[in-house]
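[1] task: produce atomic coordinates for the following.
(chains A, B, C and D)
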Protein chains: 4
Amino acid sequence: MIKKINVSIIGASGYSGEELIRLMLRHPSININCITSRKYAGQQIRNVFPRFAEVDMLFSKPDVEEISKSSDVVFLALPHGLASEYAIPLLKNNLKIFDLSADFRIADSAMYEKYYKVPHPAPELLKNAVYGSPERSKDEIRSASLIACPGCYPTSAVLPLVPLLKNGLVDLSASITINSLSGVSGAGRKVALPFIFPECNESVKAYAVTGHRHIPEIEQELSKAGKKSLKVRFIPHLIPVNRGIQTTIAVTAAKNISEKNIFDALSLEYENEPFVRILPLGKTADTKDVTYTNFCEISCAYDTHTETIILNSAIDNLTKGAAGQAIQSMNIAFGFKETAGLL
Amino acid sequence: MIKKINVSIIGASGYSGEELIRLMLRHPSININCITSRKYAGQQIRNVFPRFAEVDMLFSKPDVEEISKSSDVVFLALPHGLASEYAIPLLKNNLKIFDLSADFRIADSAMYEKYYKVPHPAPELLKNAVYGSPERSKDEIRSASLIACPGCYPTSAVLPLVPLLKNGLVDLSASITINSLSGVSGAGRKVALPFIFPECNESVKAYAVTGHRHIPEIEQELSKAGKKSLKVRFIPHLIPVNRGIQTTIAVTAAKNISEKNIFDALSLEYENEPFVRILPLGKTADTKDVTYTNFCEISCAYDTHTETIILNSAIDNLTKGAAGQAIQSMNIAFGFKETAGLL
Amino acid sequence: MIKKINVSIIGASGYSGEELIRLMLRHPSININCITSRKYAGQQIRNVFPRFAEVDMLFSKPDVEEISKSSDVVFLALPHGLASEYAIPLLKNNLKIFDLSADFRIADSAMYEKYYKVPHPAPELLKNAVYGSPERSKDEIRSASLIACPGCYPTSAVLPLVPLLKNGLVDLSASITINSLSGVSGAGRKVALPFIFPECNESVKAYAVTGHRHIPEIEQELSKAGKKSLKVRFIPHLIPVNRGIQTTIAVTAAKNISEKNIFDALSLEYENEPFVRILPLGKTADTKDVTYTNFCEISCAYDTHTETIILNSAIDNLTKGAAGQAIQSMNIAFGFKETAGLL
Amino acid sequence: MIKKINVSIIGASGYSGEELIRLMLRHPSININCITSRKYAGQQIRNVFPRFAEVDMLFSKPDVEEISKSSDVVFLALPHGLASEYAIPLLKNNLKIFDLSADFRIADSAMYEKYYKVPHPAPELLKNAVYGSPERSKDEIRSASLIACPGCYPTSAVLPLVPLLKNGLVDLSASITINSLSGVSGAGRKVALPFIFPECNESVKAYAVTGHRHIPEIEQELSKAGKKSLKVRFIPHLIPVNRGIQTTIAVTAAKNISEKNIFDALSLEYENEPFVRILPLGKTADTKDVTYTNFCEISCAYDTHTETIILNSAIDNLTKGAAGQAIQSMNIAFGFKETAGLL
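    Numbering: from 1, shown residues only, chains lettered A, B, ... in the order given. Below is the predicted model of the structure:
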């Protein structure tokens, strides 16, 4: 008999919520207990997400007490600023929380406030929270009660850079340039003029070229790995695909390194990680090879002409970039196989 | 009575050739004299390009003597390496040539051979050739007999950077990072597995991340503007749109500059240029606003966090990036209005 | 000196309005006098439609008196139900009106009310209105003061069928089945969940499979041509392209006809029409060959297996399906070349 | 311990082959024994299909003797005309065969020859073959040794029509009109000019509007259900999506039927079928709700205006339209749960 845990999802009417449902429905050890949406409360899930036509389950209003009684773990898929309303009482009731918002990713609340331009909703919870990168924080994920799941862009930028920073392969006195290309689902299920089909299709553009909210998260994680306060240039772009982020990183190489050093550092770091895929030299990461999966694909090259390390990564923004990575962390936390429900 | 010139296009069966035909058909001063294609010789243009259903004209085999008798000017739209077979006799016959290939763009034939990995087909012609940037070389375009029309990626990278380099706004000791995103027509009308629809659609990837053939051309032009030998990191990507290149450039700013300095340098440089559009601060260049036009749209920002100048440009790779820019140069050379047939 | 007329566009903030502006800007005989939008009044056109970056013109509030003084002709690009507010006073002031809405297309106001489910806003104007098909009503377009421009789907369905009906090639006792596939711009610049990119992309579906509002318009025009009251099955579909309608029509052939009869009837009907393109037998109409043009492309086949005539047509929904066809009618009405500004 | 069967796939280098591999890798009861491709023999699967990066398995040359020894069942994913070369010896060796080609779908070899324009490669095998529709032929699938898996278009057309024909809801004296819209993967992994991205993207067209090869298959199955020899008009279209077929069917209703009769017939027929989904009245089938699944989604409407039954269906052409349906049949044949590996 397979052990099952009871899971609730709060705020499940967006694309991350849909992806959580998709993945949990096929997870062998999850019993979905409750799916909430203020907007769609009382409606069948399948009315909102017709792919789940065979599922007979209603969206409910979020009710902390009921969820606390019935659930072992709660996933929060809410916009930033709203998670603490649920996190605070649920933590009191001893539930384990996986928060997909930005609210508990940044340890320094001042930095959060600088980039998000709102007061931090619950700075007192930050000490309980861990940044839940399944590849780098397995122990913390197991022990913490509040796991801040990484953002989509940061996942695609941090995983390729960490091994190089840890191994001293990057010249930290030079710039770190990160260009990311995201599919439109990355904007959420947002109904706004820039996201209607004729405005996105046959269009490619950068946006938020300075000051994007994911910068402090990327810098925090890279600074840990580089053991030095690091800054990054981060330039996101909107691309006419549904799903997928492709990130291209250019950093100046440290002296006397080779392409093999780079490849080896990446390969060694992730050799036991089930969801990080290092491509052979000469290949480049392609979103179409990872969409609808929890993989992060990484390719690397060394440009001798300018002594530059070039890294490319590809993830599905909704899977490895959100729901899949959160479930991967949950698998770690509950002692399931790390890949359970994700292959 | 409008003065008309007789024009031939050699090698017109690809997308650049199609775009040359499209633009020339509506040009008030062009009489298309001859359109050649070895592959389709004897066939109606409209059989190959059904958009031209109303045009009654055959592809012919390229015949230098006949073209020389009937034409004033010849556009070569051939793959690199093949242009000189026609350029040499046509120049002897005193025709003016606009070459859309790479063969005469790079003044240093050794550099050409390094990147193209073939002997230069006609190094003796290089002294006659000018790099035909309509914004920067009007006089040379008028006087030269062989105009090398700029490549698509270089156009999108050079136009934004030149004014900043000329005005000393860039720290030339730091890296120049250029990420370009190109629509699939940039690969030509090439029938190969990576370019079939299911392989490109819902896919985003970088390719040729080191050593791309457009690097020497970009470096040559930037070095002229910066009055210093400059190197660039150039990373092209393939994006699922038909047309358009979006280029994102990150360079370290010189000391004590402001966003206004950047914007002013761009605006001043191009204030009289009909096809360069500097966007207001806060906007970013979008390919959908320039496709099917000859415009290059440029936006800029100054990232105080990392002291980085961020430039974004958008062009249509087949128009400003190839056929349109060539016709713009022809307009200059023949004393037509620079915008004739291009608005 | 080219004669120019003064034109105003009322309600120009949607895609049809944008297309009217695009086409009028290059029309040799049009002076755009006034472009109105309640929503964007006071804003630069280029802020709303960045493709028009070089145009220095503001959206204004619609002011009938001012428009009457300054304009010769007015294009109404408003949702159905709203046109008469302007049409009534403008007609009194002797302006010629081209209405792109559905309000004056259907001669029978009861039929309008049945399908649009609102009272007809101005039934008294119907007697002044003509259905402005440039291919079939040139004289009426010249003489009428109120021209109802055909809808996008009806244009694609009526043009192929009319010649066959007129020539008795269709068995009118059998069904007329019309399947249309439309790009998303056909829904207008509408900000609603079904039209955001991730909902439309990689998706194909029918909608409004019974009772679509274009049915009475199609039936009215086919009944005229067939000299008999005809009914149609009309099934529209939404397809992930920006622009273009492809319509497939299946009708039972009259006895003893051949494929040549069909082809000849189409060719003869439209031999002098500049914007109807009959494809050779064996080819099928493709939207990509007509987008951004005013052409209607028609192909035909005769299926001996089921004695069916199969017609395929392709138009650009915003050009031949809306703005382009309206300007074509204006060209006819004002004695300009029918193709002026449209090639 | 789960019982596993040994499976070989012959001819697995196309998109149907890729989909077979994708589905079999996650099937709990399948051990993939051998994957053949003449073209890629000796290469890693992952080199050809990078999504399978974690799979360590080589394409091999097809070797009937070896496959016969090691396998219980063989899937043939070959172009039509080639299946019998393997089917004949494998059947002799008592293997069960699921053939995804057209070769054994049509019981009448003369009809095959008429539409495929080649002699039938093995008419003597036709008596052993069953048309393997999992919804309609469970017993035959269990007992037969050679299962001809249905084509993609026929699946989307036959499933909606069968219940109406069986229940006498269709006026069989009138035409049956079937319009199908297919994603580009339906053309296979074919490298040809019409299928490169810039030719397919932003394009919609019909093709093979008469005489498509799937007609005899559709007619054979409908005739069985209607107990009468039936003919259909079948018009396929190419649509710029990767995966999915949307089929729209218009048939004249029998006298005195209601929308409820139609809905009930569909619902009743498929109430125990795990992969047929009847949508509530008022909804229409959308490919995006079934891509990457084995579902066939069906919606219906009754158009009182023309007494027409309108049926819409959506499938993934590679899953329910090919590989998924084949595995569903295999599940039935081997006594696995019908949904094993497919949910």
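[2] for chain A, which helix is longest?
    Longest helix in chain A by number of residues (criterion: DSSP state H): helix A:152-166.
[3] ok now it, how far from the chain's centre?
    Distance of helix A:152-166 from its chain centroid, counting by C-alpha atoms, centre = their mean, to the nearest Å, is 12 Å.
[4] buried stuff in stretch A:83-102?
    Residues A:83-87, A:90-91, A:95-102 are the ones in stretch A:83-102 that count as buried (16 or more other C-beta atoms under 10 Å in any protein chain shown). (Each C-beta comes from the backbone N, C-alpha and C, glycine too.)
[5] closest one of the residues you listed to chain D?
    Distances from chain D to the buried residues of stretch A:83-102, taken as C-beta to the nearest C-beta, are shortest for A:Leu100 (22.9 Å).
[6] quick one: what helix or strand has the closest residue to A:Ala122 other than its chain neighbours in it?
    Of all residues not flanking A:Ala122 in the chain, A:Ser84 sits nearest, at 3.6 Å (C-beta to C-beta, 6 or more residues apart in numbering or on different chains). Here A:Ser84 sits within helix A:83-92, counting by DSSP states H and E.
[7] how about A:Glu140?
    Counting by DSSP H and E, A:Glu140 is part of helix A:138-143.
[8] residues in contact with that helix: which ones?
    Residues outside helix A:138-143 that contact it (C-beta atoms under 8 Å, 6 or more residues apart in numbering or on different chains): A:Val130, A:Tyr131, A:Gly132, A:Pro134, A:Ile147, A:Ser329, A:Ile332, A:Ala333.
[9] quick one: the last one and A:Leu146 touch, right?
    No: A:Ala333 lies out of contact with A:Leu146 (C-beta atoms under 8 Å); the separation is 11.3 Å.
[10] out of those two, which sits in the busier spot?
    Using other C-beta atoms under 10 Å in any protein chain shown, the more surrounded residue of A:Ala333 and A:Leu146 is A:Leu146, with 25 against 22.
[11] enumerate the residues of chain A near chain C.
    Within chain A, the positions adjacent to chain C are A:15, A:183-185, A:189-193, A:195-202, A:240-243 by C-beta under 8 Å from any C-beta of the partner chain.
[12] among those residues, name the ones in helices.
    The members of the residues of chain A next to chain C that map onto helices under DSSP H are A:Tyr15, A:Phe197, A:Pro198, A:Glu199, A:Cys200.
[13] hang on, the earlier thing: buried ones in the helix holding A:Glu140?
    Residues of helix A:138-143 classed as buried: A:Glu140, A:Ile141 (neighbour count, 16+ other C-beta under 10 Å).
[14] mean confidence score for the helix or strand just after that helix?
    The helix or strand immediately downstream of helix A:138-143 is strand A:146-148, counting by DSSP H and E. For strand A:146-148, mean pLDDT rounds to 98.
[15] do the same with stretch A:208-216
    98.
[16] ok, residues contacting it?
    Counting by C-beta under 8 Å, 6+ apart, A:102, A:106, A:108, A:111-112, A:114-116, A:151, A:153-154, A:232, A:234-236, B:248, B:284, B:301-305, B:310, B:312 sit against stretch A:208-216.
[17] need the contact list for A:Leu90.
    By C-beta under 8 Å, 6+ apart, A:Leu90 lies in contact with A:Val64, A:Ile67, A:Ser68, A:Val74, A:Ile97.
[18] in strands, which of those residues fall?
    Using DSSP state E, the subset of these located in strands is A:Val74, A:Ile97.
[19] so which bits of the longest helix of chain A are buried?
    A:152-165.
[20] can you show me the strands along chain A?
    Using DSSP E, strands in chain A cover A:5-10, A:30-36, A:59-60, A:73-76, A:96-99, A:129-131, A:146-148, A:176-182, A:205-206, A:233-238, A:245-252, A:276-278, A:296-303, A:308-315.
[21] can you list the strands that the first one pairs with?
    Strand partners for strand A:5-10, identified by DSSP bridges, are recorded as strand A:30-36 (parallel), strand A:73-76 (parallel).
[22] most tightly packed of those?
    For the strands paired with strand A:5-10, the largest average neighbour count (mean count of other C-beta atoms under 10 Å in any protein chain shown) is found in strand A:73-76, namely a mean of 26.
[23] near chain D, which residues of chain A?
    Contact residues, chain A versus chain D (C-beta under 8 Å from any C-beta): A:26, A:50-51, A:53-54, A:202, A:277, A:279, A:283, A:286, A:288-290, A:292-293, A:295, A:297, A:343.
[24] also near chain B: which of the residues you listed, exactly?
    Restricting the residues of chain A next to chain D to those near chain B by C-beta under 8 Å from any C-beta leaves A:Glu202, A:Asp286, A:Lys288.
[25] C:Ile176: which of those is nearest?
    A:Glu202 (34.1 Å; C-beta to C-beta).
[26] quick check: the closest one touching C:Asn201?
    No: taking C-beta under 8 Å as the definition, A:Glu202 is not a contact partner of C:Asn201, at 11.4 Å.
[27] does A:Val170 touch A:Thr252 like I think?
    Yes: between A:Val170 and A:Thr252 there is a contact at 7.1 Å, judged by C-beta under 8 Å.
[28] cool, thanks, talk later.
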